[in-house]
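Asker: give me the fold of what follows.
(one chain, ligands or ions: 1)
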Amino acid sequence: MHAKHVHFTGNDKSNDTSAAHCPIRMVVQDSVPLISGGGITVSDCLFCKIASGALPAHILHEDDEIMAFLDLHPIRKGHALVIPKAHYTWFEDLPVPLATRITSCAQTLARSMKRLYGVERVAMFYTGIHVAHAHAHVVPMFHIHDVTSAFYLSDGTEGFSTPAPLPASEMAETAEALRREVLTQS
Ligand SMILES: [Zn+2]
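Answerer: Got it, this is the predicted structure:
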């Protein structure tokens, strides 16, 4: 494997303590296989294979617990994924320190993307689609609908539609049901 390390331009933030968890470093590799579909078992999991080094990726950061690399099917140039090295299917199953570490890495990536691409905002989200190994997407937003919902697109890509509010009674009922569920976990 031929890899070389390339520092993001303008990423020198020596006073940025959060960068300690994610010293961004781009690793350029010669060839990367196409990733498609989702892993059913851990041994088949594509992201576990990337985490173990069995499959190559355009790695942006790696430490003992997490890894960040370029999404092979980017919404925009720079679209990155941040994963735990250990296999967790859903983000809500991540231990809090691990989830925090992923978020911290995504924050560092977002600041770097803003400087590198000049975008106003960077989106970060988990969807649980594509690969059944929790992964946070980090996407530089060049357009307001780069990360969106069919509801928000009702008036086309140049508008930003607002869904109709629900009746107050339904909102109160929804909030009460969710609060009850939250209490059962605490
Ligand atoms: Zn996995």
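
Asker: and the biggest helix by length in the chain, what other elements does it pack with?
Answerer: Counting by DSSP state H, the longest helix found in the chain is helix 96-117. Contact here means 3 or more CB pairs under 8 Å, 6 or more residues apart in numbering; DSSP states H and E; on that basis helix 96-117 packs against strand 59-62, strand 66-70, strand 80-84, strand 121-125, strand 136-141. C-betas here are computed from N, CA, C, even on glycine.

Asker: list the buried residues for that helix?
Answerer: Using 16 or more other CB atoms under 10 Å as the test for burial, helix 96-117 gives 98-99, 101-113, 116.

Asker: check contacts around Met171.
Answerer: Pro165 (CB atoms under 8 Å, 6 or more residues apart in numbering).

Asker: please, which helix or strand holds it?
Answerer: When elements are assigned from DSSP states H and E, Met171 belongs to helix 168-185.

Asker: taking the mean pLDDT, what do you get for that helix?
Answerer: Taken as a whole, helix 168-185 carries a mean pLDDT of 96.

Asker: same thing with stretch 85-103?
Answerer: Stretch 85-103 carries an average pLDDT of 98.

Asker: so that it lines up with my notes, have the first residue be 56 from now on.
Answerer: Right, with 56 as the first residue, what we last looked at is stretch 140-158.

Asker: ends of it, what's the gap?
Answerer: Stretch 140-158 has an end-to-end distance of 14 Å (CA to CA, to the nearest Å).

Asker: mind putting the helices and strands packed on helix 151-172 into TSV with distance to Trp145 and mean neighbour count?
Answerer: Formatted as TSV, those follow (distance: least, CB to CB, whole Å; neighbours: other CB atoms under 10 Å):
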stretch	distance to Trp145	mean neighbour count
strand 114-117	22	21
strand 121-125	16	23
strand 135-139	11	25
strand 176-180	14	17
strand 191-196	12	23
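
Asker: closest to the ion out of those?
Answerer: Taking CB to the ion as the criterion, strand 135-139 is the member of these that comes nearest to the ion, at 7.9 Å.
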